[in-house]
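below is the structure, and that's it, no one-letter string:
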């Protein structure tokens, strides 16, 4: 209990202190030690016995609830001010509806509801806590060096508000811990809204016109999700008289809680940036890179899929669940194809996040034991690899002053370390035998077992995934004219974060059987009853052999350049000065330029997004209609 | 047969069979074009000669990718013939192909670059159908294991006619034959020279060739899988398919990559997915694994599972 409380409260306290801490050197020391504490606490939690005794809270639950209501109303007032100042009617409306509903509920019908346990934990929560503490911690560590370079070199025009920035990062982290461990839904709701507020402030960090606009868009969509959340609480209370998450999950009459479950799935879908709400996550890339990494890998969007996966046993086998699964499936396909058309590195990563979260939502919607197992695996592997990729792109953007994939040609020569780290991250995202592929195997099997028809989305989506990752990997390896070496590539904090994440990408795959048997399987068994091993020992062995083969690849480089004669590439004309120029048939000297395919003549991002939004909006409407009792 | 024996036979025999098939291919193609054609062992002579050539490269690390391509293609086929999980086999094949593509990117030459991009497009074109093939087989046999699929008592092709035809269509792409010889062609010199293999020579080119032999045998093995319950029919159909591929190669002109992609996906959706849809709708609710009966009306009932628990284990209250 104390461990959980500490995990929630320490980041908030650290955030408060950071707000007052001005000198950079002091901040570095303080942030680093705080991260060690938080990381240590989350690891301690993972090592603690699974049945950690959850004692009584020191203060009465009711007093805390009132305190929370005050915090909630203060946040609502602030958001109301934001909405009025931006003349954004929808924000004002959503905030008023949400705050009014919650205030009425907590002072009226909900005032005397007792929840057996305000906080709880299980293996799924522990996994989420580990991701939040370690991956999120890595991002904060990276942010120390990154934000210094951001303000002192790359973006001098942006006002330096680093104290607020780091305070927000830690508040975000604390809210995420709270969200994971909350059992009382009104608590969960408070933390949910804190992440909405933090993401709004972080996306708008640079205060440029574009940043403000995108921050407002993120706010509107997440507030819509928040309203659905509030409605779910009220409805759940009216029908069952309780507002506990566990009580809801173990409700004897599943049909009774289907509507609140669908509402919570809707909230999860907005937060995890599924279509039709993907545009807020794509817009969020205007923020400094650590924010993108945080939103995409360890917090925010993971909060959304966390909630959807929690709802899985309630929606499993229902029509509403099928609609949730379809939203995820459509998002996976649209996101993967849209990523092909993008050449902005962060945009490709953003679409890929949207797509992968779609797979997790698909798992949640299907809701069988197998599917949930696959979904949790996806959360783990995606968090690590995607975080690594974002942080690498951040470094490249600072050094090359561009995040266009076409400008990354020859990165293996100019920034070899970052290029290799990126290759690891990308391999982790889609290649056998890395984690995402293990998960994709599991997803495919789960989908075929539950509803084979949905598998068509997965097979087409993964084909597209393959295309955009490999062409990017190729771009990094390709050296037309050797670019100058960039030195130094990384500062200490960045180096620790990137290497740690790369190691984690490998370790997560090698330790995957352990993670599965110690955390995911017990969780799945707890929810669905005992299940056998979901992946045969033979397959695990094959994965490990493949892993060993791939890890042998660097060994071949020991033989680098031996016994070969180096010549110029064939250019279809006489080479002039190596492989970079050639003499054309008109006797003029031509440059060699190589550019990737983006398939713009058969795919259009705008078209995909438009039809994706329309299709998924229809599916969501159907979900609500089908979940009414 | 013991999986290890099968694996060993594959490792030794596949390059011989693959090489002979390649020789046969050249001979038949020549006859179709009213030429004499080379001796049947010509592919072996070529490879031996390539091994004796000087090792010329554009980028010093380019050949390592090709070595891993060969290694992983052999690994893929090995997994398949040892009877492992079909999905993993497909993923391993993808991994192998990606090493080839990355090697081509690494050479940084415009022509191999075009080849690499087109190879990726081709992979994008065939991958959905190949995965649907695995899914279709799973729906009939309730197992992804190649061993279980091959020993399934019914003729899979009867339940999966659409999947089979769709798979044949994409097989044309995998064999790099016309109308889909887009990434590396004997016939398109002005446009892409030798595409993906332009900058590979000597020993490395020989490795690519050997990898293709292994790959072709593995692909014909996939064809055989549709006829697993009647081994001789399976072998005959696999060989017939190979001849048909050669015929198509000689009859059709090359398509543009756009047409290749769109047509492959159309075939996947109509034939492959249509077949899966029919199976899913016709099958009795597949939710209960014990109800292992008849996944499609066309298939004879499967053998009952050896161990059917007669009563659910007593539930602790």
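Sure, I can see it. Small disclaimer: the values here were computed from a predicted structure and weren't measured.

could you point out which element follows the host helix or strand of residue B:94?
Using DSSP states H and E, residue B:94 sits in helix B:86-107. For helix B:86-107, the succeeding helix or strand toward the C-terminus, using DSSP H and E, is helix B:110-141.

how about the helix holding residue B:94 and chain A, any contact?
Yes. For helix B:86-107, a contact with chain A is found by Cβ under 8 Å from any Cβ of the partner chain, at B:87-88, B:91-92, B:94-95, B:98, B:101-102, B:104-107. Bear in mind the C-beta positions are built from the backbone N, C-alpha and C, glycine included.

other SSEs contacting that helix?
Applying 3 or more Cβ pairs under 8 Å, 6 or more residues apart in numbering or on different chains; DSSP states H and E, we find helix B:86-107 packed against helix A:435-450, helix A:455-477, helix A:537-552, helix B:62-82, helix B:110-141, helix B:146-150, helix B:202-225.

the last one near chain A at all?
No. Counting by Cβ under 8 Å from any Cβ, chain A is not contacted by helix B:202-225; separation bottoms out at 9.3 Å.

now the angle from the helix holding residue B:94 to helix A:455-477?
Following axes from the mean of the first three to the mean of the last three Cα atoms, to 10 degrees, one obtains 30 degrees for the angle between helix B:86-107 and helix A:455-477.

now do helix B:86-107: distance to the chain's middle.
Its chain's average C-alpha position is 13 Å from that of helix B:86-107, according to Cα atoms, centre = their mean, to the nearest Å.

tilt between it and helix B:110-141?
Following the same axes, to 10 degrees, one obtains 180 degrees for the angle between helix B:86-107 and helix B:110-141.

OK, contacts around the residue nearest to the spatial centre of chain B?
In chain B, the residue lying closest to the centroid (Cα atoms, centre = their mean) is residue B:219, at 3.4 Å. Applying Cβ atoms under 8 Å, 6 or more residues apart in numbering or on different chains to residue B:219 gives the contacts B:171, B:174-175.

closest to chain A out of the residues you listed?
residue B:174 (13.9 Å; Cβ to the nearest Cβ).

pretty sure the closest one contacts residue B:125?
No. In this structure, residue B:174 is not within contact of residue B:125 by Cβ atoms under 8 Å, at 10.0 Å.

more neighbours: the two, which one.
Ranked by neighbour count (other Cβ atoms under 10 Å in any protein chain shown), residue B:174 and residue B:125 place residue B:125 first, with 25 against 22.

give me the number of residues near the nearest residue to that one once chain neighbours are set aside?
Excluding the flanking residues, the one nearest residue B:125 by Cβ to Cβ, 6 or more residues apart in numbering or on different chains is residue B:264, at 3.8 Å. For residue B:264, the neighbour count with other Cβ under 10 Å is 26.

if I look at residue B:264, how far off is residue A:513?
With distances taken as Cβ to Cβ, to the nearest Å, residue B:264 is found 37 Å from residue A:513.

hmm, back to that, adding mean pLDDT and distance to residue B:12, write the helices and strands packed on helix B:86-107 out as a markdown table.
A markdown table is the format used below for the helices and strands packed on helix B:86-107 (pLDDT from 0 to 100; distance: least, Cβ to Cβ, whole Å):
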| stretch | mean pLDDT | distance to residue B:12 |
| --- | --- | --- |
| helix A:435-450 | 87 | 30 |
| helix A:455-477 | 92 | 32 |
| helix A:537-552 | 85 | 20 |
| helix B:62-82 | 93 | 11 |
| helix B:110-141 | 92 | 26 |
| helix B:146-150 | 92 | 19 |
| helix B:202-225 | 94 | 11 |
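
would you turn the ones you listed into a markdown table with distance to residue A:346?
What follows is the helices and strands packed on helix B:86-107, written out as a markdown table (distance: least, Cβ to Cβ, whole Å):
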| stretch | distance to residue A:346 |
| --- | --- |
| helix A:435-450 | 19 |
| helix A:455-477 | 12 |
| helix A:537-552 | 27 |
| helix B:62-82 | 28 |
| helix B:110-141 | 22 |
| helix B:146-150 | 41 |
| helix B:202-225 | 36 |
